[in-house]
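1. Kindly generate the corresponding structure for this input.
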Amino acid sequence: MIDLDLLPSRWTAWYPGAPPFAPDLRALFGERWLRIHSLPEAKRYADDEREYEELLARHERVATDLLGAGGDCMLLHVRFRSVELEGAPPLAAPLDPLPAVALGLVPALGWGVDEGPGGRVVADVYAAPVRWEPGVFTPLIREIADDAIDGIVFVAWETCRVYAPYDGGADLFFDSPGERERFRAKYAEWLSRRPDGL
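-> The predicted structure is shown next:
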């Protein structure tokens, strides 16, 4: 059973210095990172139901392999907002937290990401314990694939593996470089041909 109160300490032990945001994780833990593409030839968006079937099948397969069918996970939604410094010019309005609330997530972490002349950017992390089951999160994955929602991360509670879907694919993070290499071989046809893996 997952104890939400343990998330801050566990996350810090798994990924010290990084918020649960794929670009930051990739920068600090690149040796444990792998990206898969949702469609052949790195096509970003599906145009028809056949392509949606391919896209969703890829995500279901790799996420189930990574997280385990019935695996205990933490579902995270990362939202960014600006915090103004006193006397500084106004910053952009904060992003709407309603998607996180609609998913049944509650505030779990706060993370200072960046500082500039007008203030600082903070990552608010909403969380809920879930079980990864194939098919259960298909509507959410489809919304992500259509770029209707972003900042979603699934974290396997026992292994610290991360599945971070985005519109175009998924960033995967493993508990070791060896695990990453095993997945690299298994999903070779779904990987980028670029040297940087993006």
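
2. buried set for stretch 129-147?
-> Val130, Trp132, Phe137, Leu140, Ile141, Glu143, Ile144, Ala145 (16 or more other CB atoms under 10 Å). C-beta: built from backbone N, CA, C; applies to glycine.

3. can you give me the strands in the protein?
-> Ranges of strands within the chain are 33-37, 71-84, 106-116, 119-132, 152-156, 162-166, 169-173, based on DSSP state E.

4. Now do the contacts for Asp150.
-> Ile144, Tyr166, Asp167 (CB atoms under 8 Å, 6 or more residues apart in numbering).

5. picking that back up, do you know which of the strands of the chain lies nearest Pro8?
-> Minimum separation from Pro8 across the strands of the chain (CB to CB) falls at strand 106-116, 5.8 Å.

6. which helix is the longest one in the protein?
-> helix 49-67 (DSSP state H).

7. So which residues make contact with it?
-> 36-40, 43, 46, 73, 132, 134-135, 137-138, 141-142, 145, 154, 156, 161, 163, 165, 170, 172, 183, 186-187, 190.

8. Restrict it to CA atoms and write it as CSV.
-> Output of helix 49-67 as CSV, limited to C-alpha atoms (Å, rounded to 0.1, in the frame of the first residue of the first chain):
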residue,chain,number,x,y,z
GLU,A,49,-8.4,5.6,-35.6
ARG,A,50,-5.9,3.1,-37.0
GLU,A,51,-3.1,5.4,-35.9
TYR,A,52,-4.7,5.9,-32.5
GLU,A,53,-4.9,2.1,-32.1
GLU,A,54,-1.1,1.9,-32.8
LEU,A,55,-0.3,4.8,-30.5
LEU,A,56,-2.4,3.4,-27.6
ALA,A,57,-1.1,-0.1,-28.1
ARG,A,58,2.5,1.1,-27.8
HIS,A,59,1.8,3.1,-24.7
GLU,A,60,-0.1,0.3,-23.0
ARG,A,61,2.6,-2.3,-23.8
VAL,A,62,5.6,-0.2,-22.7
ALA,A,63,3.9,1.2,-19.6
THR,A,64,2.7,-2.2,-18.5
ASP,A,65,6.2,-3.6,-19.0
LEU,A,66,7.7,-0.8,-17.1
LEU,A,67,5.2,-0.4,-14.2
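
9. so how far is that helix from its chain's centroid?
-> 15 Å (CA atoms, centre = their mean, to the nearest Å).

10. just the angle between that helix and strand 162-166, please?
-> 160 degrees (axes from the mean of the first three to the mean of the last three CA atoms, to 10 degrees).
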